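Participant: got a sequence here, can you build the structure:
(2 chains)
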Amino acid sequence: MNRKKLLGTPYYIWSAMFIIIPLCMVFYYGLTDKNGAFTLENITAMALAEHAKALWLALGLSLISTLICLLLAYPLALILTGLKVNQHSFIVLIFILPMWMNFLLRTLAWQTILEKTGVLNSLLSFLHLPALNIINTPYAIIVGMVYNFLPFMVLPIYNSLAKIDQNLVHAARDLGADGMQVFLKITLPLTLPGIISGITMVFIPALTTFVISKLLGGSKVLLIGNVVEEEFTQAGNWHLGSGLSIVLMLFIIVNMVVSTIFDKDGEGSVL
Amino acid sequence: MKRNKTKSMIPSILFMLCVVFSLGLTGCGSSSGDEKWEVVVYNWGEYLDPDTLDLFEEETGIHVIYDEFDTNEAMFPKVEAGAASYDVICPSDYMIQKMIDHDLLAEIDFENIPNIKNIGQQYLEQSREFDPENKYSVPYCFGTVGILYNKSMVEGPVDSWSILWDETYADNILMQDSVRDAFMTALKLNGCSMNTLDEGELEAAKNSLIDQKPLVQAYVIDQVRDKMIGGEAAIGVIYSGEAIYTQRENPDLEYVIPKEGTNVWIDSWVIPKNAPNKENAEAFINFMCREDIALKNFEYITYSTPNIAAQELIEDEEIKNSDIAFPDLTQYDNLETFHYLGAEGDELYNNLWKEVKSQ
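Facilitator: Next up is the predicted model:
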């Protein structure tokens, strides 16, 4: 027993240094002002017009992206599970392969694709089709979010689909359920943990992203992630930045509570 | 003033890690043995010719540890917190003033920098705006901020900031994504000082920027360069040092200093108070002021050098007499240099900028 605990030491040190201490610092900065006195001002600052607007926009865009990811990922995961073993590992590999590339590079590539004089528009004009001007708009940000976070939705859903005992499906069939009924009464409820886990893993990074909105939104669309980032790097107001982060953490906690309720056995987790 | 496009969050993340480490591991001081033969340089991204660092190491035997930042604002907290001790830093004018104000800079011993003689008197004179006694800084680069436009996309000569508000060029305008530079264009357009703290003037400038926002294609920093070269936009706000490079790549591009005036900036070498190797830092600054080294750097980065001796050595007559690299600034009477506006001034600007961005 003692030896096992000893093996955990690196993890404890790791989480203390990179999770607990930074988190305490965020709370310390968030709840104090420049002179170190206690204040709630940094928290309530979220209600200011420009912050609230950035928060709603971020919530809206990340909800839409999460929904699109779900709609794309579920059928894909269904197709994957239907394939033979060597085929589906190949497709999973194809899916994971882009993730080996740097996230920033992939997002910059989308910039090159969507730009006014970019790849997509050159192609469209070659085909005598009207140009598509979505770069530097919220649409481009949604494209970037969906592209970057889709694997995080596919993998947990695929995992929970793969775990379904096929005997259950056969039994349902034997008892006269048609395809739709099997899906709604067996498959969907059993993959709920995967869906919830996927939603968490897409929604949270989408809500807090600042890189995607900066690169694909041309810094014209201010999301709450951008506000926090600028408070730290440009405005140098760590107190406000931390205060706003604490409010964001609330959303993340709510999301996590929901996912633990649905995913008691940690079934949907991939990482 | 050059801003590197590398991910702007990296310095801050690194900084957080440094803080965490220093909290977690107090007591483990950084006492490396060979401190004597090191110099830690903190400079803008892509802001000198890497060959000059090798030459410096060869000639002096001092090992250079080189680190980069992409905005003055990102550099400041790192130095202020003392989390990392640098020997030489290259901030801009108003930031040097802020650092002096926060008592972060050491007086430079000019006995060790004989090559200061190469630096033009007018630039030292201009430095007095932020370093009144020329005690803390040695000019490295200078320039203006102006409008870069594509002659094939824009009608007629451009001479005013007002073109950035011209609806003909909607979705073809690139603005600087930094508070002071963005406000500078609006303040100058409205005929105000770019160092104003007058709330009415700032409110008006904010409204101008909000009016302008629908016309702006994107707020970017270094990408102005690439987007203008690629013909992605017709008009961009850019530092003069980038103009020569962009013209080389795309001859259609033209750089102008608007008639309403603009920002004349200087980036200078300074030595922070906590520098562990001050003498090496002075040797480094002296080396950077040597005419052949200054010339090498100028040719590499194309940012104007205040090194008169190096200016003389430039072989390309076109560059040597270029209005962009070495403009005759006496013809303008409304040029200014940014001043540090105090913590409250900074906050005022930042809040107004956030209002613009969240529109």
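Participant: how is chain B divided into domains?
Facilitator: Following automatic domain parsing, chain B resolves into domains at B:9-142+B:266-326, B:143-263+B:334-357.
Participant: residue A:50 is nearest to which of those domains?
Facilitator: Ranking the domains of chain B by proximity to residue A:50 (Cβ to Cβ) places domain B:143-263+B:334-357 first, at 5.1 Å. Yep, even glycine has a C-beta here, placed from its N, CA and C like the rest.
Participant: okay, how far is it across the closest one, tip to tip?
Facilitator: End-to-end distance for domain B:143-263+B:334-357: 27 Å, by Cα to Cα, to the nearest Å.
Participant: that domain vs chain A: in contact?
Facilitator: Yes. Counting by Cβ under 8 Å from any Cβ of the partner chain, chain A has neighbours in domain B:143-263+B:334-357: B:171, B:177-179, B:213, B:216-220, B:230-232, B:343, B:346-347, B:350, B:354-355, B:357.
Participant: show me how to select, in PyMOL, the buried members of those residues.
Facilitator: Remark: buried members of those, expressed as a PyMOL selection using 16 or more other Cβ atoms under 10 Å in any protein chain shown:
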select buried, chain B and resi 177+178+179+216+217+218+219+220+230+232+346+347+350+354+355+357
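Participant: narrow the residues of domain B:143-263+B:334-357 next to chain A to those in strands?
Facilitator: With strands defined by DSSP state E, the entries of those inside them are B:216-220.
Participant: closest to chain A out of those?
Facilitator: Proximity of those to chain A (Cβ to the nearest Cβ) peaks at residue B:218, which lies at 2.7 Å.
Participant: leaving out sequence neighbours, find the closest residue to the closest one.
Facilitator: residue A:218 (2.7 Å; Cβ to Cβ, 6 or more residues apart in numbering or on different chains).
Participant: mind telling me which residue of the stretch 1-150 of chain A is nearest chain B?
Facilitator: residue A:50 (3.7 Å).
Participant: give me the element that residue is part of.
Facilitator: Following DSSP states H and E, one finds residue A:50 within helix A:49-82.
Participant: how many neighbours does residue B:93 have?
Facilitator: A total of 27 residues lie near residue B:93 under the criterion other Cβ atoms under 10 Å in any protein chain shown.
Participant: ok, and the closest non-adjacent residue to it?
Facilitator: residue B:130 is the one closest to residue B:93 (Cβ to Cβ, 6+ apart), at 4.6 Å.
Participant: burial check on the one you found, number of neighbours?
Facilitator: By other Cβ under 10 Å, 25 other residues sit near residue B:130.
Participant: quick one: the strands in the stretch 251-359 of chain B, in order.
Facilitator: Along the stretch 251-359 of chain B, the stretches classed as strands by DSSP state E, counting those that start in this stretch are B:253-256, B:264-270.
Participant: could you say what helices and strands the shortest one packs with?
Facilitator: When contacts are defined as 3 or more Cβ pairs under 8 Å, 6 or more residues apart in numbering or on different chains; DSSP states H and E, strand B:253-256 sits against strand B:137-150, helix B:240-249.
Participant: quick check: neighbours of it in the sheet, parallel or antiparallel?
Facilitator: strand B:137-150 (antiparallel) (DSSP bridges).
Participant: tally of neighbours for the closest residue to chain B within the stretch 151-271 of chain A?
Facilitator: In the stretch 151-271 of chain A, no residue comes nearer to chain B than residue A:218, which is 2.7 Å away by Cβ to the nearest Cβ. Counted with other Cβ under 10 Å, residues neighbouring residue A:218 total 24.
Participant: who's in contact with residue B:302?
Facilitator: B:241-242, B:244-245, B:325 (Cβ atoms under 8 Å, 6 or more residues apart in numbering or on different chains).
Participant: check which residues of stretch B:72-79 are buried.
Facilitator: B:72-79.
Participant: touching chain A at all, that stretch?
Facilitator: Yes. Figure legend: stretch B:72-79 in contact with chain A (Cβ under 8 Å from any Cβ); contacting residues B:73-74, B:76-77.
Participant: now residue B:107. Its backbone dihedrals?
Facilitator: phi -70, psi 140 (degrees, to the nearest 10).
Participant: surely it touches residue B:135?
Facilitator: Yes. Taking contacts as Cβ atoms under 8 Å, residue B:107 lies within contact range of residue B:135: 4.9 Å.
Participant: shared neighbours of the two, anything?
Facilitator: With Cβ under 8 Å, 6+ apart as the test, residue B:107 and residue B:135 reach no residue in common.
Participant: who in chain A is up against chain B?
Facilitator: So chain A meets chain B at A:16-18, A:21-22, A:25, A:34, A:49-51, A:53-54, A:104, A:115-117, A:133, A:136, A:210-211, A:218-220, A:222, A:226-227, A:229-230, A:232-238 (Cβ under 8 Å from any Cβ).
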